[in-house]
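Engineer: Please work out how this folds:
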Amino acid sequence: MVVLYGLAVVLIVLAIYIAATFIFAYALSHGKVPDKMPLWNPQLFLWVTVSTLAVIVIGTLYKIHALSEGGRIVAELFGAVPVEPGTKDADERRLLNVVEEISLASGTRVPNVYVLEDEQSINAFAAGYTAADAVICVSQGCLDKLNRDELQGVIAHEFSHISNGDMRLNIRLIGVLNGILIIAFIGYGLIRIVFGGRRGVSVSRGGKKGGGGAILLVILAAGLALMAIGYIGVFFGRLIKSAVSRQREFLADASAVQFTRNPEGIGGALLKILKLDVGSRIVNSHAEEASHLFFANGLRGSWFSLMATHPPLEERIRQIDPSLFTKPLAKVEKAVGREGVAPGLDETRAAAAFAGSRPAGGSFAMQPGHVVSQVGAPHAGHLDYAAGLIASLPIGLTPMLRAAEGAQGVVYALLLSDAEEMRRTQLGYLAGHADARVHAAAQAAMPLIEHIGPAVRIPIVDMVLPTLRQMTAEKYEEFRTNVFYLASADMEINLFEYTLMRILTRNLDSLFRGFKRPLVQYSDVKNVTDQCVIVLSTLARFGNTGESEAVQAFKNGMESLISGSQAAILSEAQSSLEALDKALDALALASAPLKKRIINACAACVAADGQVTIEEGELLRAVADSLDCPMPPFVHPAAVAA
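Structural biologist: Below you'll find the predicted structure:
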């Protein structure tokens, strides 16, 4: 890809130099074709090279900056409309429910969802740099033409792009390739100068400005030349995008089948794109620069197969299940059940699956290697778990998660103490520092929260994130202050409170306090050993009551990270959650292979005693989330195997 990009730049520079040589020679000959044209002009070549490289660099940096806020900007680029969390539209409610299920099952924070209302074709994309700023966007055709299973297959495909890092690579490609595509845009702009303004027309007719016509002819020639040259960028841009996305699409298809346990879901969606007239073409003018993001080919057609950003539909369907070609197109079921759960989904079975996924006694055995292998690769058992979790929520609680005041109230209710006196103090504080409707929502949520188990509390926090993202910056600061007060009101932060605050600040601070995307700074474990010692010491201390057990857990983790390590466990004072917070911020700057080693060491530490509690599991998942490595929820091994 680097070679292709470099070749594109070289050819663009040479083409512009040749065009500039001819245009200047033509101008110096007073509008006549020159008898002799110099082929080599060092000064002109230097000027063209520097100018072209400057334009490419500026175009790249501009687009990268424009997309720096993540997936929301890409969705808005296409004119997509956000789906409100509390929408009453049945199709949108079904879409949000599918996204929630897959988010909870994969361990990815629930993203905001957008719809391309002007696109009647069947297509979708995921965009963003991290899971915290990711969005899922689907065309109107997805809502109108796909049934729930097919929609689930498409969304699972897009979540694979999030988990496997494709989404981050794809959005970076938009910025990098804009530099070589911008040459064509400049040429188009020059042509508009000639034909688009009254001044240009009057000068072209001659008038009092004698040289006006010749100048416009030069501008027109330069514009046409740049547009033609710009197609070099388009050609190589498509080659680079196809090199990136074709194999990743096969991987995402396979991941969707593994995840949903239903080849007819994603396969049926691809079959409808193949057979229905609506196809997958995107009519938006930005389709070219972001063609590699889509679920299926969004362009009218490629010059030849090498230029296609996606594999042929027939090949994708054949790799999923060849028998799909002989099956009729599935019908679309418009009716939905409670909160968007389709009537075809057996809620009783889902709830039973969720109950069976919970470990007896609040803990279960865990193999560290098994934990790491599931990062970015959830299974159907996780999806059953997520569907059952949603179905098991109290009926009155679910609507609160979709409303602005209700979502804040639910978070506050999760932080209220079990001690009567402390709870009164916390509610008294909220009465004076929170909106009256939010305070009332917290009180209404209290009895509902009391009936849910500890395994459901963190997933509820994930589910309210899209609603909380609708707040204003001022409201968020108020909400953030109140959350920190409620968590620390008893002068002690427990594991649940820490995990909740970590999730909220990590996923909302970047939106409301300015986006700061971490860049890789560490690839060698020696550079982050101190931070790893803090993380493993904290996990060992919080997961074990005895000193010897904590020391052994720490040693297990360090041995997994650095063979033969002689590092000693930190004291309880040094193993604070505050120190853990700072260490995780530093480890977020590690490379992907190093992050994998760190998570493996954390899993070895937590599983040192052969058992992991719900609280330990959620803390481990919070650590993985901090490292941009979505970890599926911990469910009973038998449920995953089934």
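Engineer: For the rest of this, base every contact and every neighbour count on C-alpha atoms.
Structural biologist: Fine.
Engineer: so who does the most centrally placed residue in the chain touch?
Structural biologist: Against the mean C-alpha coordinate of the chain, by CA atoms, centre = their mean, the closest residue is residue 134 at 3.0 Å. When contacts are counted by CA atoms under 8 Å, 6 or more residues apart in numbering, residue 134 touches 70-72, 111-112, 126-128, 162.
Engineer: same thing with residue 180?
Structural biologist: Neighbours of residue 180 in contact, by CA under 8 Å, 6+ apart: 8-9, 56, 59, 230, 233-234, 237.
Engineer: what about 7 Å?
Structural biologist: Applying CA atoms under 7 Å, 6 or more residues apart in numbering to residue 180 gives the contacts 56, 233.
Engineer: among the contacts of residue 134, who's most crowded?
Structural biologist: Each of those was scored for neighbours by other CA atoms under 10 Å, and residue 126 scores highest at 30 neighbours.
Engineer: which SSE is residue 553 in?
Structural biologist: Per DSSP states H and E, residue 553 falls inside helix 547-561.
Engineer: Run through the helices of the stretch 201-350 of the chain in chain order.
Structural biologist: 212-260, 263-275, 313-320, 347-357 (DSSP state H, counting those that start in this stretch).
Engineer: ranking these by burial, who's on top?
Structural biologist: helix 263-275 (a mean of 22; mean count of other CA atoms under 10 Å).
Engineer: Could you name the helices and strands sitting against it?
Structural biologist: helix 148-163, helix 313-320 (3 or more CA pairs under 7 Å, 6 or more residues apart in numbering; DSSP states H and E).
Engineer: how about those helices, which one is nearest residue 243?
Structural biologist: helix 148-163 (15.6 Å; CA to CA).
Engineer: Give me the helices and strands touching that closest one, please.
Structural biologist: helix 90-106, helix 212-260, helix 263-275.
Engineer: Which one, of the ones you listed, ends up nearest to residue 409?
Structural biologist: helix 90-106 (19.9 Å).
Engineer: Give me the contacts around the closest one.
Structural biologist: Residues external to helix 90-106 that are found in contact with it (CA under 7 Å, 6+ apart): 83, 87, 109-110, 143, 152, 155-156, 336, 339-341, 376, 378, 382-383, 385-387, 459, 463, 630-633.
Engineer: repeat for stretch 78-87
Structural biologist: Outside stretch 78-87, the residues that reach it (CA under 7 Å, 6+ apart) are 92-93, 113-117, 284, 286, 402-403, 466-467.
Engineer: ok, now with 8 Å
Structural biologist: By CA under 8 Å, 6+ apart, stretch 78-87 touches 75, 92-93, 96, 112-117, 137, 284, 286, 399, 402-403, 466-467.
Engineer: what does stretch 241-260 give?
Structural biologist: Outside stretch 241-260, the residues that reach it (CA under 8 Å, 6+ apart) are 1, 152-154, 156-158, 160-161, 166, 173, 263, 265-266, 292, 295, 306-311, 316, 320, 377-380, 383.
Engineer: hang on, residue 483 packs against residue 413?
Structural biologist: No - applying CA atoms under 8 Å as the test, residue 483 and residue 413 come out as separate, 10.1 Å apart.
Engineer: So for these two, which sits in the more crowded spot?
Structural biologist: residue 413 (25 against 22).
Engineer: State the distance from that one to residue 230.
Structural biologist: Residue 413 is 58 Å from residue 230, where distance means CA to CA, to the nearest Å.
Engineer: Equivalent analysis for residue 308, please.
Structural biologist: In this structure, residue 308 and residue 230 are 19 Å apart, going by CA to CA.
Engineer: domain parsing for this structure?
Structural biologist: 2-69+171-241, 72-169+245-326, 347-501, 525-641 (automatic domain parsing).
Engineer: I'd like to know which elements the helix or strand where residue 50 lies is packed against.
Structural biologist: Per DSSP H and E, residue 50 falls inside helix 42-66. Based on contacts counted as 3 or more CA pairs under 8 Å, 6 or more residues apart in numbering; DSSP states H and E, the elements that helix 42-66 packs against are helix 2-28, helix 166-196.
Engineer: Pull out the buried residues from the helix or strand just after it.
Structural biologist: In the C-terminal direction, the helix or strand that comes right after helix 42-66 (DSSP H and E) is helix 71-77. The neighbour-count check on helix 71-77 (16 or more other CA atoms under 10 Å) flags 71-75 as buried.
Engineer: still on that earlier bit, what about burial for the contacts of stretch 78-87, which qualify?
Structural biologist: Buried among those by 16+ other CA under 10 Å: 75, 92-93, 96, 112-116, 137, 402-403, 466-467.
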